[in-house]
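# predicted coordinates and the sequence they were generated for:
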Amino acid sequence: MRILFNDFGGYAFAAQLARHLAKRGLDVDHCYCNSLSTTPSGNVGTGEDLANYRVCPIQLAEPLQKYSFVKRRKQEIEYGVRVAELMERSRPDLVVSANTPLDALRSIWRAANRVQAKKVFWLQDVIGLAAKRILSKKIPLLGSLIGQYYVNLEQRLLRDSDLVLPISGAFQDYLTAARVPSNRIAVFENWAPIEETPCLPRKNDWSRTNNLDNSLVVLYSGTLSMKHDPAHILAVAKAIEPSGGIVVVRSQGLGADWLTHQKANGEFPNLVIAGYVPYDQLALSLASADVLLALLEPEAANYSVPSKVLTYLCSGRAVLLIAPTKNLAAQKLLVSQGGVVVDSSQSSQLPSIVADLARNPDRIREMGSRAREFAQKEFDINRISTSFLQLLNSIS
């Protein structure tokens with residue numbers, strides 16, 4: 001079977017799966033957007049030299065303009081056109097698509113129909129609902145209409161798929177509203193590549209370079225976008241300041257810009273804003289923390305699952321997640337006993353919870369050990385790729 005594995009963000013777990021599908025005998029073309037500045041790609045194209053695994057980075061004419069709606073839409077359409085051209089050349093039997101903007105996916109699905117390829121929609125985020133929420137706030141009337149257009153487009157693409165793989169059962173209501181037949185739906189949860197995020201010493205080259213060896217460190221890693229509230233990070237910084245703790249934000253995005261502005265006013269001396277690090281330094285930067293921080297706003301919990309929590313679990317560090325407890329990431333963290341979940345509705349308790357963690361380093365270390373144990377048990381790529389391949393074979 002020849003497949004096109006399309007993951008717009010080039011994420012590490014998707015790249016790992018694509019390589020393992022090739023190891024299992026599939027002929028894999030793996031494409032992703034190579035013009036992103038706010039999403040660090042995973043180990044795309046690395047690993048064993050496999051003749052049946054080809055990496056096909058899609059380069060746009062310019063870097064993706066994430067915060068310009070008009071230009072970004074044009075670029076996302078450009079991405080879809082270029083992937084469609086790749087499909088016309090490669091003639092896959094099946095297309096797997098994840099994390100792909102809807103305007104791009106429309107072109108990809110049309111190309112799949114032309115080459116008679118089966119279509120697998122790996123539903124990572126409910127983009128239509130997210131777009132409607134964000135645009136309605138930014139442009140009250142017109143934004144709602146544009147947002148509804150994307151809801152309708154997404155639901156049409158879902159119905160046109162041969163198989164839909166939501167990463168959480170919480171997406172079922174949306175799929176029901178989209179009138180996707182239940183026999184075409186199978187929940188397939190995310191994971192993180194545990195061998196790419198080893199449990200490393202707390203004191204390492206990255207911690208020394210950033211002067212983090214002699215303080216309690218809470219670290220946020222990843223984009224701070226519209227579905228996060230950076231004010232929570234300031235609350236954490238205030239709570240650990242009496243203990244001499246430091247909050248490190250290894251991030252880009254609108255939230256990181258807002259935090260930089262707050263710090264420029266002379267407050268929050270224990271807040272450090274750092275940029276992204278290369279993927280090959282991710283494990284070192286995570287290991288430099290005592291506690292890893294993740295955020296998700298209540299409205300976003302209905303259409304998103306923060307996968308960074310899964311990477312955090314691999315690192316063997318305690319996790320502090322501020323999110324609705326109904327979210328799948330929160331549920332996994334609670335099951336693992338690898339950290340603390342603060343429900344978004346109870347954020348007023350955050351300072352006391354953080355202060356208590358700062359006073360209990362043994363508890364932090366125990367949670368980190370449990371987090372790593374959970375990841376070792378749950379993130380077995382051989383089992384995961386076997387299950388994924390079975391799903392693909394069911395429609396081929």
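Sure, I can see it.
# Asn113: which element?
helix 102-114 (DSSP states H and E).
# what is that helix packed up against?
For helix 102-114, the packing partners by 3 or more Cβ pairs under 8 Å, 6 or more residues apart in numbering; DSSP states H and E come out as helix 69-90, strand 94-98, strand 118-123, helix 127-138, helix 142-159. Every C-beta, even on glycine, is put in place using the N, C-alpha and C of the backbone.
# wait, which of the ones you listed is closest to His232?
Across these, His232 has its closest neighbour in helix 127-138 (18.9 Å, Cβ to Cβ).
# can you give the contact residues for the closest one?
With Cβ atoms under 8 Å, 6 or more residues apart in numbering as the test, helix 127-138 has contacts from 69, 101-102, 143-144, 146-148, 150-155, 174, 226-227, 299-300, 302-304.
# let's go with 6 Å and repeat that
102, 143-144, 146-147, 150-151, 154, 226, 299, 303 (Cβ atoms under 6 Å, 6 or more residues apart in numbering).
# any chance of those in a markdown table, plus pLDDT?
As requested, the contacts of helix 127-138 are exported to a markdown table (pLDDT from 0 to 100):
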| residue | pLDDT |
| --- | --- |
| Leu102 | 97 |
| Gly143 | 86 |
| Ser144 | 87 |
| Ile146 | 92 |
| Gly147 | 89 |
| Tyr150 | 94 |
| Val151 | 94 |
| Glu154 | 97 |
| Met226 | 57 |
| Glu299 | 79 |
| Tyr303 | 79 |
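# tell me which two of these sit farthest apart.
Leu102 and Glu299 (19.0 Å).
# and these two? which has more neighbours close in?
More crowded of Leu102 and Glu299, by other Cβ atoms under 10 Å: Leu102, with 20 against 17.
# got a list of what that one touches?
Residues in contact with Leu102, defined by Cβ under 6 Å, 6+ apart, are 127, 150, 153-154.
# hmm, 10 Å instead?
73, 76, 80, 127-128, 131, 149-154, 156-157 (Cβ atoms under 10 Å, 6 or more residues apart in numbering).
# looking at the residues you listed, spot the one nearest Asp49.
Using Cβ to Cβ, the contacts of Leu102 come closest to Asp49 at Gly80, 30.2 Å.
# might one say that the closest one is in contact with Ala112?
No. Gly80 lies out of contact with Ala112 (Cβ atoms under 10 Å); the separation is 11.4 Å.
# and for those two, which residues touch both?
Listed as contacting both Gly80 and Ala112 by Cβ under 10 Å, 6+ apart are Leu105.
# now the residue positioned nearest the centre of the chain. Nearest residue, chain neighbours left out?
When Cα atoms, centre = their mean is applied to the chain, the residue found nearest the centroid is Ser307 (4.4 Å). With Cβ to Cβ, 6 or more residues apart in numbering as the criterion, Ser307 has its nearest non-adjacent residue at 5.1 Å, and that residue is Asn190.
# could I get the helix or strand containing Leu320 in PDB with only the CA atoms?
Assessed by DSSP H and E, Leu320 sits inside strand 318-322. Presented in PDB, the C-alpha positions along strand 318-322 are these (Å, rounded to 0.1, in the frame of the first residue of the first chain):
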ATOM      1  CA  ALA A 318       6.200  16.800  37.600                       C
ATOM      2  CA  VAL A 319       3.500  18.500  35.500                       C
ATOM      3  CA  LEU A 320       1.300  21.400  36.500                       C
ATOM      4  CA  LEU A 321      -1.700  21.600  34.200                       C
ATOM      5  CA  ILE A 322      -4.200  24.400  34.300                       C
END
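# where in the chain is pLDDT low?
When residues are selected by pLDDT under 70, those of the chain lie in 37-48, 225-227.
# strands along that one, start to end?
2-7, 27-33, 53-58, 94-98, 118-123, 163-166, 217-221, 246-250, 271-274, 291-295, 318-322, 339-342 (DSSP state E).
# mind listing what the third one pairs with, with the direction of each?
Pointing back at strand 53-58 there. Sheet pairing for strand 53-58, assigned by DSSP bridges, gives strand 27-33 (parallel).
# so how far is the strand it pairs with from its chain's centroid?
Centroid separation between strand 27-33 and its chain, computed with Cα atoms, centre = their mean, to the nearest Å, is 18 Å.
# now that strand - C-alpha only, CSV.
Below are the C-alpha coordinates for strand 27-33, written out as CSV (Å, rounded to 0.1, in the frame of the first residue of the first chain):
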residue,chain,number,x,y,z
ASP,A,27,5.3,2.8,0.9
VAL,A,28,5.2,6.2,2.7
ASP,A,29,5.5,9.8,1.4
HIS,A,30,5.6,12.0,4.4
CYS,A,31,4.9,15.7,3.8
TYR,A,32,4.6,18.7,6.2
CYS,A,33,4.8,22.5,6.0
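# if you count neighbours, what's buried in that strand?
In terms of neighbour count (16 or more other Cβ atoms under 10 Å), strand 27-33 has its buried residues at 27-33.
# just the endpoints, please. Distance across stretch 322-332?
Start to finish, the residues bounding stretch 322-332 are 13 Å apart (Cα to Cα, to the nearest Å).
# and that stretch, what's buried?
Across stretch 322-332, burial judged by 16+ other Cβ under 10 Å covers 322-325, 327-330, 332.
# just those residues now: which is nearest Val341?
Nearest to Val341 among the buried residues of stretch 322-332, counting by Cβ to Cβ, is Ala330 at 4.6 Å.
# list the contacts for that closest one?
Contacts of Ala330 (Cβ under 10 Å, 6+ apart): 294, 296, 301, 305-306, 309, 321-324, 339, 341-344.
# what's the closest non-adjacent residue to it?
Leaving aside its sequence neighbours, Ala330 sits nearest to Val341 (Cβ to Cβ, 6+ apart; 4.6 Å).
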